[in-house]
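> model this:
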Amino acid sequence: MKHFDGKVVVVTGASAGIGRATVREFAKQGASIGLIARGLDGLRAAKMEVEQLGGRALILQTDVADPKAVETAAARIEQEFGPIDIWVNNAMASVFSPVKEMEPEEYRRVTEVTYLGYVHGTLSSLKRMLPRDSGVIVQVGSALAYRSIPLQSAYCAAKHAILGFTQSLRSELLHDHSGVRVTMVEVPATNTPQFGWVRSRLPNKAQPVPPIFQPELIARAILLAASHPRREMKVGFSTVKAIFAEKFIPGLADWYLAKRGYSGQQTDMPRDPRQPENLYAPVPGDHGARGSFDSRARWFSWQFWAAENRRNLLFASLAFGAMNFVANYVRSRRSAKRREQMLNQGLLRAA
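Below you'll find the model as predicted:
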């Protein structure tokens, strides 16, 4: 079923990675999609894919760190496609480096893209959704929004900020009895191209912390969050474990990450010092949705399958419980009837 047929969707970070996979999924559902990103090559390729899949797409080469540019993009989308139904904030930037080697400008840039980019997108979408009293804002978060790890302090801080911002906004929308809904999707380590262009001071090539999942799985979660009233969507058991650890054993998690957090974010291959980086400008070319970890990435998560099918699982559990109750009741009635028959036949003495 095409749940998003005729819907107008905006995806930031649409040219590659999770954003690109999400664009493809919305296109399969017949949506009209505003594609926001900096990389023109990736945007053009994404537009072509959308049209081949039966959707409509509008290229908006935009840096989400610029609030005026985001507002201009939102206005153009509504001018071309009509009212925005769903806005997916996903654009991100990061730096792999110990805190002691970070530069203030790097923290500023990561914050402007990964946190303030979400704020700018949210403000532009609210400006249009609130008067209509409808719409959905999806914030693509991370397990790192709850549990920070070493070597990604700027990115982790931005994801924490997104969580705090979203929680405040959600309460305000509830207070105002608004029909606009905001939801957050917390994602695990994902096989995206960012590890091939992220600014890094690590000795070896950066990698997502295993277990690694394919971006198509995350895209499915984003569409589910956009179409169902979920406060928050967690993807992957590793995400659930990280959130659990931060809630109940944060000190132990600190020690564990101090021991394993460095090696877990690097492969055995030395980093190429000539590797391009996209912190301040996009890397030319179309990089698609997936990175270089296909052989290690998972397409399936039992945890997400259970979240995706929780209603069916609830009905199945209730049905099983009802059947078990009926079976026990029938057995007890038969046992009581047998006892009564034996008493009547004088084979059993009444107590």
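> can we go C-alpha only for contacts and neighbour counts from here?
OK.
> strands of the stretch 1-150 of the chain, start to end?
8-12, 32-37, 56-61, 86-89, 95-96, 135-140 (DSSP state E, counting those that start in this stretch).
> what lines up beside the shortest one in the sheet?
Spelled out, it's strand 95-96. strand 199-200 (parallel) (DSSP bridges).
> helices along the stretch 101-250 of the chain, start to end?
Assigned by DSSP state H, counting those that start in this stretch, the stretch 101-250 of the chain shows helices spanning 104-110, 116-132, 153-175, 215-227, 237-248, 250-260.
> just checking, what packs against the last one?
Using 3 or more CA pairs under 8 Å, 6 or more residues apart in numbering; DSSP states H and E as the contact criterion, no secondary-structure element is in contact with helix 250-260.
> in its sheet, what does the helix or strand just after it sit against?
Downstream of helix 250-260, the first helix or strand assigned by DSSP states H and E is strand 266-270. In the sheet, strand 266-270 lines up against strand 204-206 (antiparallel) (DSSP bridges).
> contacts for the partner strand, please.
The contact list for strand 204-206 (CA atoms under 8 Å, 6 or more residues apart in numbering) reads F96, F195, G196, S200, Q265, Q266, T267, D268, M269, P270, R271, D272.
> let's see it at 10 Å
96, 194-200, 263-273, 275 (CA atoms under 10 Å, 6 or more residues apart in numbering).
> what residues of that strand count as buried?
Counting neighbours by 16 or more other CA atoms under 10 Å, one finds that the buried residues in strand 204-206 are N204, K205, A206.
> what does stretch 128-148 give?
Buried residues in stretch 128-148 (16+ other CA under 10 Å): 128-129, 134-148.
> what is the nearest of the buried residues of strand 204-206 to T122?
Checking the buried residues of strand 204-206 against T122 with CA to CA, the nearest one is A206 at 30.5 Å.
> gap between the nearest residue in space to the closest one that is not next to it in sequence and V95?
Of all residues not flanking A206 in the chain, Q266 sits nearest, at 4.6 Å (CA to CA, 6 or more residues apart in numbering). Shown here: Q266 relative to V95, a distance of 14 Å by CA to CA, to the nearest Å.
> about what we covered before: adding mean pLDDT and distance to R220, write the strands of the stretch 1-150 of the chain out as JSON lines.
What follows is the strands of the stretch 1-150 of the chain, written out as JSON lines (pLDDT from 0 to 100; distance: least, CA to CA, whole Å):
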{"stretch": "strand 8-12", "mean pLDDT": "98", "distance to R220": "14"}
{"stretch": "strand 32-37", "mean pLDDT": "98", "distance to R220": "16"}
{"stretch": "strand 56-61", "mean pLDDT": "98", "distance to R220": "19"}
{"stretch": "strand 86-89", "mean pLDDT": "98", "distance to R220": "13"}
{"stretch": "strand 95-96", "mean pLDDT": "98", "distance to R220": "27"}
{"stretch": "strand 135-140", "mean pLDDT": "98", "distance to R220": "12"}
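> how about the ones you listed in TSV, adding distance to K234?
What follows is those, written out as TSV (distance: least, CA to CA, whole Å):
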stretch	distance to K234
strand 8-12	19
strand 32-37	25
strand 56-61	28
strand 86-89	16
strand 95-96	24
strand 135-140	10
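> for the ones you listed, which one sits closest to R333?
Of all those, strand 135-140 sits nearest to R333, with 53.0 Å by CA to CA.
> how far off strand 8-12 does that closest one point, in degrees?
Strand 135-140 runs at 20 degrees relative to strand 8-12, counting by axes from the mean of the first three to the mean of the last three CA atoms, to 10 degrees.
> tell me which helix or strand in the protein has the weakest average pLDDT.
Using mean pLDDT, DSSP states H and E, helix 310-344 stands out as the lowest-scoring helix or strand of the chain, at a mean of 65.
> can you list the weak-confidence ranges in the stretch 201-350 of the chain?
310-330, 342-343, 345-350 (pLDDT under 70).
> go with 80
For the stretch 201-350 of the chain, applying pLDDT under 80 flags the ranges 301, 304-305, 307-350.
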